[in-house]
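1. What follows is a predicted structure for the sequence shown.
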Amino acid sequence: MTFGSGSARTTGAFAAAALCLLLLTPHLQAEEGAIAGTWRGAGTVIDKKGVEQKVRCKFSVGEEKQKQHKVSGKCTSVKGTSRAKGQVKKVAAKRYSGTVNGRKADDRGEIAIVLKGGGAVLQVSGSRGELRATLKR
């Protein structure tokens with residue numbers, strides 16, 4: 001059974017479609033910006049000599065600009081603190097990769113972030129060693 005004139009049905013259908021779009025937009029925005037924010041967690045660093053250290057990390061990921069996110073962070077162990085800055089871009093669903101630079105000119109590395117559930121796995125490999133950490137917001 002149909003109610004109203006043709007233009008009223010068209011307007012009603014348009015309104016329903018617009019309402020669906022409005023309801024879905026926050027979900028879509030949350031998915032696209034899911035990586036942005038401050039992340040904290042713990043992990044392990046293995047230096048180039050093979051020595052393993054436990055670390056606590058804090059990373060910040062900026063909002064997407066020109067299909068990239070700026071990243072900056074630090075990891076602290078009993079031996080000290082390392083800092084890095086760089087950028088990542090989305091390479092697949094819930095996967096980001098890019099490059100980071102440390103304080104010294106030769107401190108360069110590759111970074112990968114994989115979103116899993118409510119957290120993320122961070123991996124950095126570079127000239128001084130490798131890091132793997134599990135992070136939460």
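-> Noted; the coordinates are in hand. Numbers count the residues shown, from 1 in each chain.
2. What is the burial count for the closest residue to V114 other than its chain neighbours?
-> Leaving aside its sequence neighbours, V114 sits nearest to V121 (CB to CB, 6 or more residues apart in numbering; 4.8 Å). From N, CA and C alone the C-beta is placed, and that goes for glycine too. Neighbour count for V121, taken as other CB atoms under 10 Å: 15.
3. Likewise for L135?
-> Using other CB under 10 Å: L135 sits among 22 other residues.
4. Send me the strand ranked longest in the chain as CSV with only the CA atoms.
-> Secondary structure of the chain per DSSP state E: the longest strand is strand 80-92. Written as CSV, here are the backbone C-alpha positions of strand 80-92 (Å, rounded to 0.1, in the frame of the first residue of the first chain):
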residue,chain,number,x,y,z
GLY,A,80,67.5,5.4,28.4
THR,A,81,64.9,6.9,26.1
SER,A,82,64.8,6.8,22.3
ARG,A,83,62.7,9.3,20.3
ALA,A,84,61.5,9.2,16.8
LYS,A,85,59.4,11.2,14.3
GLY,A,86,58.1,10.3,10.9
GLN,A,87,55.0,9.6,8.9
VAL,A,88,52.8,6.6,7.9
LYS,A,89,50.2,6.0,5.3
LYS,A,90,47.5,3.4,5.0
VAL,A,91,48.7,0.4,2.9
ALA,A,92,45.8,-2.0,3.6
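5. Thanks a lot, catch you later.
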